[in-house]
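# need a structure here:
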Amino acid sequence: METIRRDCIAKKVRYEEHLEKELSAQREYFLKNAMYYEHLCEDPVRDLVAFSRDLVFRTIPVVNIYSRLWSWVLTKHPTRQIKTGDATDIDVLSTYLPYMDVVGTDAFMATQLTALGIDKEHDVRVFNAKTKSLQTFCDFVQGYLRGVLPANRPTISVFVLPSQSVKENAFKLFFDLGAAARLFGTDEYVKIYGFDDGNMPRYEFRQMPGHQVPFYGLQDVDPIKLEPGMTMEGILNMCREHCKSDHFVLIDDYRPVKDTFLVGAVMSAEAGIQTSESYRIYATKA
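Next up is the predicted model:
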């Protein structure tokens, strides 16, 4: 590529001119590997050659982005020496960018993507490793995760408030909730959250002297900090903010939990019943 860059400088090659050369090279590469596509055609010699010459060939994302990026780099930045990673960056970006929501790359390549408008064409957010962009990326990810549903959504969620009776029985309650969650097997799952008011119990196992575990023991629980004076309306809003399932159960007082508790809660929610074993079931969307 360094030889090509120097040739572009010597001949003062324009972007549009080099783009046609890159597209021509892409056609040649496609036809050299045409044997892999013969099964898609009635007459491979006729159809594959015709396809490579058609304007639609230029719109194939990997062909289009690859050709445009190299042409832009070589003609718009002719004094910049080609770096070792440029080829890898352009290969990766042209192959995967059209199918991604967010792309992170170095500052130079990020600038070229936006200069060519490739990011807008494919509705992709592009970030780079500079401090300002990294901060913007962190803010974007936090907002994105709050607002988008995960690929695998929990069947139901459980939120546990730190009432006095819950604190007195925290280890057993979360142990029983974990057992009830495991009843769903591997095809479905339950998300359990525990509100922490800063005064929750801790436990020490006989087998692990000197090592304390939190109020939820060894169960898979996400703790949520509970600020003093939080109203029930505020608590419910926090539940809905964290919840990724359609319904959730709010446990505000300790009562023994059966293995079938969560399965029963799901069945109740699907039937439009708002309680399960005296605990209230809430819809995520109020």
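# what sits against P162?
P162 makes contact with G194, F195, D196, D197, N199, M200, L226 under the criterion Cβ atoms under 8 Å, 6 or more residues apart in numbering. (Each C-beta comes from the backbone N, C-alpha and C, glycine too.)
# tell me which strands and helices the host helix or strand of the second one is in contact with?
Under the assignment given by DSSP states H and E, the secondary-structure element containing F195 is strand 190-196. Under the contact definition 3 or more Cβ pairs under 8 Å, 6 or more residues apart in numbering; DSSP states H and E, strand 190-196 sits against strand 156-160, helix 170-182, strand 221-225, helix 232-242.
# how about the ones you listed in CSV, adding mean neighbour count and mean pLDDT?
Below are the helices and strands packed on strand 190-196 laid out as CSV (neighbours: other Cβ atoms under 10 Å; pLDDT from 0 to 100):
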stretch, mean neighbour count, mean pLDDT
strand 156-160, 26, 97
helix 170-182, 19, 95
strand 221-225, 14, 96
helix 232-242, 14, 95
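# now these in CSV, with distance to A10?
Compiled in CSV, the helices and strands packed on strand 190-196 are given as follows (distance: least, Cβ to Cβ, whole Å):
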stretch, distance to A10
strand 156-160, 65
helix 170-182, 69
strand 221-225, 62
helix 232-242, 61
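# so which of these comes closest to L145?
helix 232-242 (10.9 Å; Cβ to Cβ).
# parallel or antiparallel, which strands does the following helix or strand past that closest one pair with?
Counting by DSSP H and E, the next helix or strand C-terminal to helix 232-242 is strand 247-251. Strand 247-251 has the following strand partners under DSSP bridges: strand 156-160 (parallel), strand 279-283 (antiparallel).
# want to throw those into a markdown table with distance to C8?
Compiled in a markdown table, the strands paired with strand 247-251 are given as follows (distance: least, Cβ to Cβ, whole Å):
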| stretch | distance to C8 |
| --- | --- |
| strand 156-160 | 58 |
| strand 279-283 | 62 |
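# contacting residues around the closest residue to V102 other than its chain neighbours?
Using Cβ to Cβ, 6 or more residues apart in numbering and skipping residues adjacent in sequence, the residue nearest V102 is R125, 4.9 Å away. When contacts are counted by Cβ under 8 Å, 6+ apart, R125 touches D101, V102, V103, D119, F140.
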